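In: got a structure for you, letters missing:
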């Protein structure tokens, strides 16, 4: 006895006029963001990638030179110092900033008075203009009349020209970067901590766990997704540092060249010397480094980030 095979009939759903209108409205709403992304991010990236294989003059007229820009980059005398300054900046500012942010967020998450006031104070650097921040800190680190040297003189310590000394200039910028990043990080971490169910802490209290045990056994593991997000974005931002160095140290400063980072090296070649093709090669080189570091972080998150 043969069995008849049943044929599956696929009924295609025809979109109604209302659904088509909803789709059209959705495309209209996302169009400005999509167009802006394509014009200001995607197209410049591909143009920059093409420029890295060309000699580009001041009128953006390109002459193909192949890998010549990358060969010159490998011979760049400032490459080693700029790359080391960038790596050093990222390895110092990001971990210290995250450590302070986690500690402050944990304190603000506790039941203390004036919690809203402290949140506002810590977040202020994030909403202050970068130029204003640079001017204030330049005054603090000023070697002649800076407040830091005045405070040190009270204790009999000889001050120095912090931003003019090649051995301290970059570290002063790092201090400002850490100070400026804490507020934003605290807001993100505090939101993650407040999303943790109180039942975990109640159960831990019943078992006799103290505040420190609760933090390392409950709070920290459950807030690792937020820490991972801040770690990724923090390292990306640190590898792109430019504005604070340019505004606080400045091109006329003797400590400017010893404080070169990769983005400063890119700026000098692109806008000061007019070597746009060579500068494009520098930016592509940094893009590859940042993507590689981000890929390693994405792979490594499985071992310590808790999404449960």
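Out: Received, thanks. Model, not experiment: these values are computed from the prediction.
In: only C-alpha atoms for contact and neighbour calcs from this point on.
Out: Will do.
In: quick check, residue 77 in a helix?
Out: No - counting by DSSP: H, G, I helix; E, B strand; the rest coil, residue 77 is located in no helix; its state is coil.
In: Compute the number of surrounding residues for it.
Out: For residue 77, the neighbour count with other Cα atoms under 10 Å is 10.
In: Next, work out how far apart the spatially most central residue of the chain and residue 292 are.
Out: Per Cα atoms, centre = their mean, the C-alpha nearest to the average position across the chain is that of residue 237, at 2.4 Å. Residue 237 is 15 Å from residue 292, where distance means Cα to Cα, to the nearest Å.
In: ditto for residue 65
Out: Separation of residue 65 from residue 292 (Cα to Cα) stands at 26 Å.
In: Spell out the residue ranges of the helices in the protein.
Out: 17-37, 43-51, 68-74, 79-109, 115-123, 130-140, 147-154, 169-194, 198-206, 211-214, 220-239, 243-248, 262-267, 276-300 (DSSP state H).
In: Worst mean pLDDT among the ones you listed?
Out: When the helices of the chain are ranked by mean pLDDT, helix 115-123 comes last with a mean of 79.
In: Just want the angle from it to helix 79-109.
Out: 170 degrees (axes from the mean of the first three to the mean of the last three Cα atoms, to 10 degrees).
In: show me what contacts the closest residue to residue 261 other than its chain neighbours?
Out: Closest residue to residue 261 apart from its sequence neighbours, by Cα to Cα, 6 or more residues apart in numbering: residue 82 at 4.3 Å. By Cα atoms under 8 Å, 6 or more residues apart in numbering, residue 82 lies in contact with 259-262, 265.
In: between these, which is closest to residue 95?
Out: Nearest to residue 95, judged by Cα to Cα, of the contacts of residue 82 is residue 261 at 18.7 Å.
In: In space, what's closest to residue 131 - neighbours in sequence excluded?
Out: Among residues not flanking residue 131 along the chain, residue 247 sits closest, at 7.2 Å (Cα to Cα, 6+ apart).
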